[in-house]
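Asks: Dropping a prediction and its sequence here:
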Amino acid sequence: MLFPSSPQDHTGKTALALLLCGLCLTACNRQAKAPPPMAPEVATVTVARQSVLLTQELPGRTAPYLIAEIRPQVNGLIQKRLFTEGADVQAGQELYQIDPAPFRAALDNARAALGRSEANLPALRLRAERYHEAAADKAVSRQDLDDAVAAQKQAEADIDYYKAMVETARINLGYARVVSPISGRIGKSSVTDGAIVTAYQAVALSTIQELDPIYVDVPQSSSELLRLRRCLEQKQLNADGTNANQVQLMLEDGTKYPQEGTLQFRDISVDPTTGSVILRMVFPNPNGVLLPGMFVRAVVKEGVDQQAILIPQQTISRDPKGNPIAMVIGPDGKVGQRMLSLDRAIGDQWLVTSGLNSGDRLIIEGLQKVRPGMPVREVPYGGAKAAANSGAAERADAKSN
């Protein structure tokens, strides 16, 4: 059953419709008049080429400058050890005393035999001369003359032989005193007083090492050596003059060794098992900080790159494949993306080999807010921080007032 509407109902519906239309028009006007979103603010640094000394850090180990394993040169009994283990010794210092009695007796015996031969020689020489005179008059046979001459020559040969025996006995007697061939620091002794030793035995009596200066041997891959030579030939790197051979050293606890060393030579052959060559360096070691066999890292100078580009590490991001990318601002004020090739990290910066040019404006802050092609407002790096700090200071002053 339908009920007729009254005039008052029609009037209310009309008013409600007009109100809704007014609200819609107001919302549309507000939406049309809303200001466009502000471009995000980013901080940038300008890329510039500079001269950079390139170095390479290589692991290695120390080795003694000189090393001598002490072994006896004669058989005998150790009478006395004449050094303190771990002490510094000098070249020519006596280390062990081997019982010299047998060698002294052998020397006396050789001298006696030499004296006997020398005593017989004058008589044999005179006899040979007389036989020469008699043979001229045919008073003796030719055979007797030959026997006299042979006896003289044998006596002379015996004298030379016993002289050599005397010298050998003198040398062996000298070997009874085991002396240090070099100056350095001596280690522990493998024998004690009363031990029997043999000449040139396999086990060394002790070992002496010269530690000041000291060697540092580090391996360098042959591929890296070829790359460095190619860069030098192509003028990508310049040799650093007289300082190219200066080497710094990092100890195994991370501290820097105070003395600089010198690169002495590169080995002339490649180790087939590792594919590397050995670099040998010499370092002064006056305080004995470096010990043989210590693990160290040598900082070797490669050369100077006159056109190097260094950028802060925080400017680099990675794509899903792990390739390094950087964001730059183009001439139109919009963000552009660059694919980079990086060589190495130098401190808190990356060395860029390709992808950037001098004058590019690199985004260093605000990377999370931008995408390629987006317009941005650019401020110099540090300017945003300064503005924020000044604004915070003004707010603090206003609050205090």
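Replies: Great, that's in hand.

Asks: Can you tell me the element Arg185 falls in?
Replies: strand 184-186 (DSSP states H and E).

Asks: Do a quick rundown of the helices in the stretch 51-200 of the chain.
Replies: Taking DSSP state H, counting those that start in this stretch as the test, the helices found in the stretch 51-200 of the chain are 101-136, 142-175.

Asks: Including distance to Gln79, mean pLDDT and mean neighbour count, could those helices go into a markdown table?
Replies: In short, each C-beta sits where N, CA and C put it, glycine included. Output for these, formatted as a markdown table (distance: least, CB to CB, whole Å; pLDDT from 0 to 100; neighbours: other CB atoms under 10 Å):
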| stretch | distance to Gln79 | mean pLDDT | mean neighbour count |
| --- | --- | --- | --- |
| helix 101-136 | 10 | 87 | 15 |
| helix 142-175 | 14 | 89 | 16 |
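
Asks: Identify whichever of these lies nearest to Ala39.
Replies: Among those, helix 142-175 comes nearest to Ala39, with 91.3 Å by CB to CB.

Asks: between the closest one and helix 101-136, how many degrees?
Replies: Here the directions of helix 142-175 and helix 101-136 differ by 160 degrees (axes from the mean of the first three to the mean of the last three CA atoms, to 10 degrees).

Asks: Tell me the gap between helix 142-175 and the middle of its chain.
Replies: Remark: helix 142-175 is offset 60 Å from the chain centroid, using CA atoms, centre = their mean, to the nearest Å.

Asks: can you put the helices of the stretch 51-200 of the chain in JSON lines and add distance to Val328?
Replies: Compiled in JSON lines, the helices of the stretch 51-200 of the chain are given as follows (distance: least, CB to CB, whole Å):
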{"stretch": "helix 101-136", "distance to Val328": "86"}
{"stretch": "helix 142-175", "distance to Val328": "78"}
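
Asks: Leu205: which of these is closest?
Replies: Per CB to CB, nearest to Leu205 of the helices of the stretch 51-200 of the chain: helix 142-175, 12.7 Å.

Asks: roughly how far apart are the residue nearest the centre of the chain and Glu129?
Replies: Nearest residue to the geometric centre of the chain (CA atoms, centre = their mean): Ala298, 2.8 Å. Computed as CB to CB, to the nearest Å, the Ala298 to Glu129 distance reads 77 Å.

Asks: Ok, Gly261 next?
Replies: Distance of Gly261 to Glu129, computed by CB to CB: 72 Å.

Asks: re the thing from before, may I have the predicted confidence score for the residue nearest to the centre of the chain?
Replies: As predicted, Ala298 sits at a pLDDT of 88.

Asks: That one: what's it in contact with?
Replies: Taking CB atoms under 8 Å, 6 or more residues apart in numbering, we find Ala298 in contact with 57-60, 216, 218, 247-250, 261, 279, 281.

Asks: Wait, Glu302 touches Thr55, no?
Replies: Yes - the criterion here is CB atoms under 8 Å, and Glu302 meets it with Thr55 at 6.3 Å.

Asks: about what we covered before: return the members of the contacts of Ala298 classed as buried.
Replies: Leu58, Gly60, Val216, Val218, Val247, Gln248, Leu249, Gly261, Leu279, Met281 (16 or more other CB atoms under 10 Å).

Asks: Identify, from these, the entry nearest to Asn287.
Replies: Leu249 (13.6 Å).

Asks: residues in contact with that closest one?
Replies: The contact partners of Leu249, taken as CB under 8 Å, 6+ apart, are Val216, Lys256, Tyr257, Gln259, Gly261, Phe283, Val296, Arg297, Ala298, Val299.

Asks: and the gap between the nearest residue to the second one once chain neighbours are set aside and Gln349?
Replies: Meaning Lys256. Spatial nearest neighbour of Lys256, excluding adjacent residues (CB to CB, 6 or more residues apart in numbering): Met250 at 5.9 Å. Applying CB to CB, the value for Met250 to Gln349 is 20 Å.

Asks: And the pLDDT at Tyr96?
Replies: 95.

Asks: Surely Asp343 is in a helix?
Replies: No - per DSSP: H, G, I helix; E, B strand; the rest coil, Asp343 lies outside any helix segment and is strand.

Asks: For the closest residue to it other than its chain neighbours, name its beta-bridge partners.
Replies: The spatial neighbour of Asp343 that comes closest, neighbours along the chain excluded (CB to CB, 6+ apart), is Leu351 at 4.3 Å. For Leu351, the beta-bridge partners under DSSP bridges are Leu310, Arg344.

Asks: circling back to that earlier point, farthest-apart pair in the contacts of Leu249, please.
Replies: Top of the distance list for those (CB to CB): Gln259 and Arg297, 14.9 Å.

Asks: Show the end-to-end separation of stretch 349-358, please.
Replies: One end of stretch 349-358 to the other measures 16 Å (CA to CA, to the nearest Å).

Asks: Need the mean per-residue confidence for it.
Replies: 87.

Asks: what comes into contact with it?
Replies: 47-49, 52, 54, 305, 308-313, 316, 324, 326, 328, 338-345, 362.

Asks: now stretch 70-88, how far from the centre of its chain.
Replies: Its chain's C-alpha centre and that of stretch 70-88 lie 36 Å apart, by CA atoms, centre = their mean.

Asks: Now do the end-to-end distance for it.
Replies: One end of stretch 70-88 sits 15 Å from the other (CA to CA).

Asks: hang on, the earlier thing: what is the nearest of the buried ones among the contacts of Ala298 to Arg104?
Replies: Within the buried ones among the contacts of Ala298, distances to Arg104 taken as CB to CB reach their minimum at Val216, with 46.8 Å.

Asks: Is the closest one in a helix, a strand, or coil?
Replies: Using three-state DSSP, the secondary structure recorded for Val216 is strand.

Asks: beta partners for it?
Replies: Applying DSSP bridges, one finds that Val216 bridges with Thr62, Met281.

Asks: check contacts around it.
Replies: Counting by CB under 8 Å, 6+ apart, Val216 has contacts 60-63, 247, 249, 261, 280-283, 290, 296, 298.

Asks: Go again with 7 Å.
Replies: Applying CB atoms under 7 Å, 6 or more residues apart in numbering to Val216 gives the contacts Gly60, Thr62, Leu249, Gly261, Met281, Phe283, Val296, Ala298.
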